[in-house]
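Trainee: what follows is a predicted protein model with its sequence.
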Amino acid sequence: MRTKIRRCGQVVCAKCSSARVQLHPSQVLNPSGSGETSQTHQYHRVCSACFASIGLTPRPRANSFTSTSLVGGASSVSHSRRMSSSSTMTECPACSTTLSKFGGKEAQEEHVQQCLDKSGNSVSGYKYVVYKLLQNNFLVGQECPICFEEFLAGETVTRLNCLCSYHYHCIQGWFDRGGECPIHFR
């Protein structure tokens with residue numbers, strides 16, 4: 001995944017620029033024509049050159065990461081997802097079974113994993129949930145895989161039944177062109 005650095009405008013790989021610093025609004029480059037300006041200092045990903053010139057401490061990352069590899073046809077996709085203990089999933093994204101009937105969290109997670117493994121990680125149809133991101137949501141600060149912009153608190157996002165999340169306007173544009181999940185598209 002590549003991201004546009006908000007301080008210098010350089011586009012770099014997200015793995016190569018893990019440093020995050022709090023920038024003054026005057027130091028933040030916004031996408032051309034967006035007209036967005038922030039009145040508060042927010043954390044932004046910066047490249048190593050910007051990080052060295054600022055000389056600040058990077059923002060600590062909360063929560064643990066797990067990695068999922070999806071292999072299909074001629075392509076292999078690998079991505080990371082932060083785990084949230086405040087997840088509100090009530091039904092299996094693959095078979096739409098109510099998860100509460102499986103008991104505890106571990107049993108529910110095991111069912112979802114088995115369903116996804118059994119179906120080859122493909123989820124038919126596209127069901128999704130649209131919601132506004134709260135400040136404490138695990139997606140805040142992560143990148144939208146379509147536009148490579150970071151998710152910000154207050155933005156409207158969509159979580160598909162395959163558990164991938166996108167800005168609402170990004171995935172709607174994708175669906176308008178007849179697409180499925182961009183990561184799981186075959």
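Mentor: Looks like it came in fine. Residues are numbered from 1 along each chain as shown.
Trainee: leaving out chain neighbours, which residue sits closest to Lys127?
Mentor: On the basis of CB to CB, 6 or more residues apart in numbering, the spatially nearest residue to Lys127 that is not a chain neighbour turns out to be Asn161, at 4.4 Å. From N, CA and C alone the C-beta is placed, and that goes for glycine too.
Trainee: er, Ser165 I mean
Mentor: Of all residues beyond its chain neighbours, the one nearest Ser165 is Arg159 (4.7 Å), with distances taken as CB to CB, 6+ apart.
Trainee: what do you get for Leu152?
Mentor: Counting by CB to CB, 6+ apart, the nearest residue to Leu152 once its immediate chain neighbours are dropped is Val140, at 6.6 Å.
Trainee: tell me, how many residues neighbour the one you found?
Mentor: 18 (other CB atoms under 10 Å).
Trainee: check the secondary structure at Ser100 for me.
Mentor: helix (DSSP: H, G, I helix; E, B strand; the rest coil).
Trainee: quick one: residues contacting it.
Mentor: Contacts here follow CB atoms under 8 Å, 6 or more residues apart in numbering; on that basis Ser100 touches 90, 108.
Trainee: do I have it right that Val129 meets Cys162?
Mentor: No: here Val129 does not reach Cys162: they are 12.0 Å apart, not a contact under CB atoms under 8 Å.
Trainee: and the two? Which one has more around it.
Mentor: Cys162 (19 against 12).
Trainee: can I assume that one sits in a helix?
Mentor: No: secondary structure of Cys162 (three-state DSSP): coil, not part of a helix.
Trainee: and the longest helix belonging to the chain, what does it pack onto?
Mentor: Here the longest helix in the chain is taken by residue count, with DSSP state H as the criterion, and it is helix 105-118. Under the contact definition 3 or more CB pairs under 8 Å, 6 or more residues apart in numbering; DSSP states H and E, helix 105-118 sits against no other helix or strand.
Trainee: sheet partners, orientation included, of the helix or strand following that helix?
Mentor: Next helix or strand after helix 105-118 toward the C-terminus (DSSP states H and E): strand 128-132. Here the strand partners of strand 128-132, with direction, are listed using DSSP bridges: strand 156-160 (antiparallel).
Trainee: and the longest helix of the chain, what's buried?
Mentor: Neighbour-count burial for helix 105-118, counted by 16 or more other CB atoms under 10 Å, picks out 108, 111-112, 115-116.
Trainee: could you do stretch 132-142 as well?
Mentor: Residues of stretch 132-142 classed as buried: 133, 137-142 (neighbour count, 16+ other CB under 10 Å).
Trainee: any idea how far Gly141 lies from Leu152?
Mentor: Summarising the geometry, the distance separating Gly141 from Leu152, computed by CB to CB, to the nearest Å, is 8 Å.
Trainee: helix, strand or coil: sort out Gln135 for me.
Mentor: Once three-state DSSP is applied, Gln135 turns out coil.
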